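Asks: Sequence plus predicted model, see below.
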Amino acid sequence: MMDVWQKQIYSHLLHLLGNHDDADDATQETFIQLLRSIEAFEERSKFSTWLYTIAHRKGIESLRKRSRIQRRFTRSERKLPIDCAAAAADHLSEMEIRRLLQEAVKQLPTRQREVFLLRHFESLQFGQIASITGVSDGALKASYHHARKKVENILKKHDFIID
């Protein structure tokens, strides 16, 4: 099971959490939880939706834990915005484009980041995302719309537009 799903879950959590160590930990916690509760799976939803729900919850737990730790040790430290002097998108390497997109997504509020990642990178339908997050379709669509606009505005500074 891990061979089939680990890469996808890790990728989702890496986008959500923004660093390898947290994504790796949350991926492991996801599969531990999966093994502990596999007998409770009632097939009311797809297995993938159920697995992403577990991963999503582990990712949110990690974000909350990180937030508490950061509040303890840092005082209103703000990250610098992306350098606006970067080259035009047609001159950017694939690696640089990925970095810009990751930086743009990191700037989104948590709910917008979640729905953007699940919709844009995982290609999930809003109904599936609603099952994973417990948020209504309408609220998810609004969050996705706002997230997409914010990401587009950030990337426009680099003459780069997402599809």
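Replies: That came in fine, so what should we check first? Numbering: from 1, shown residues only.

Asks: low-confidence ranges in the chain?
Replies: 66-94, 158-163 (pLDDT under 70).

Asks: so where do the strands sit in it?
Replies: Under the criterion DSSP state E, the chain carries no strands.

Asks: Please parse it into its domains.
Replies: 1-78, 82-163 (automatic domain parsing).

Asks: Output the ones you listed as a markdown table; include the columns mean neighbour count.
Replies: To be clear about C-beta, it is placed using only N, CA and C from the backbone, and glycine gets the same treatment. Shown next, in a markdown table, are the domains of the chain (neighbours: other C-beta atoms under 10 Å):
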| stretch | mean neighbour count |
| --- | --- |
| domain 1-78 | 15 |
| domain 82-163 | 16 |
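
Asks: pull the longest helix from this structure.
Replies: In the chain, taking DSSP state H as the definition, the longest helix is helix 47-73.

Asks: what's it packed up against?
Replies: helix 2-17, helix 20-37, helix 110-116, helix 126-133 (3 or more C-beta pairs under 8 Å, 6 or more residues apart in numbering; DSSP states H and E).

Asks: In TSV, list those helices along with distance to R148.
Replies: Shown next, in TSV, are these (distance: least, C-beta to C-beta, whole Å):
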stretch	distance to R148
helix 2-17	15
helix 20-37	23
helix 110-116	7
helix 126-133	13
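
Asks: Of all these, which one is nearest E61?
Replies: Distance to E61, taken as C-beta to C-beta, is lowest for helix 20-37 among those, at 7.7 Å.

Asks: So what angle separates the directions of that closest one and helix 47-73?
Replies: Counting by axes from the mean of the first three to the mean of the last three C-alpha atoms, to 10 degrees, helix 20-37 points 130 degrees away from the direction of helix 47-73.
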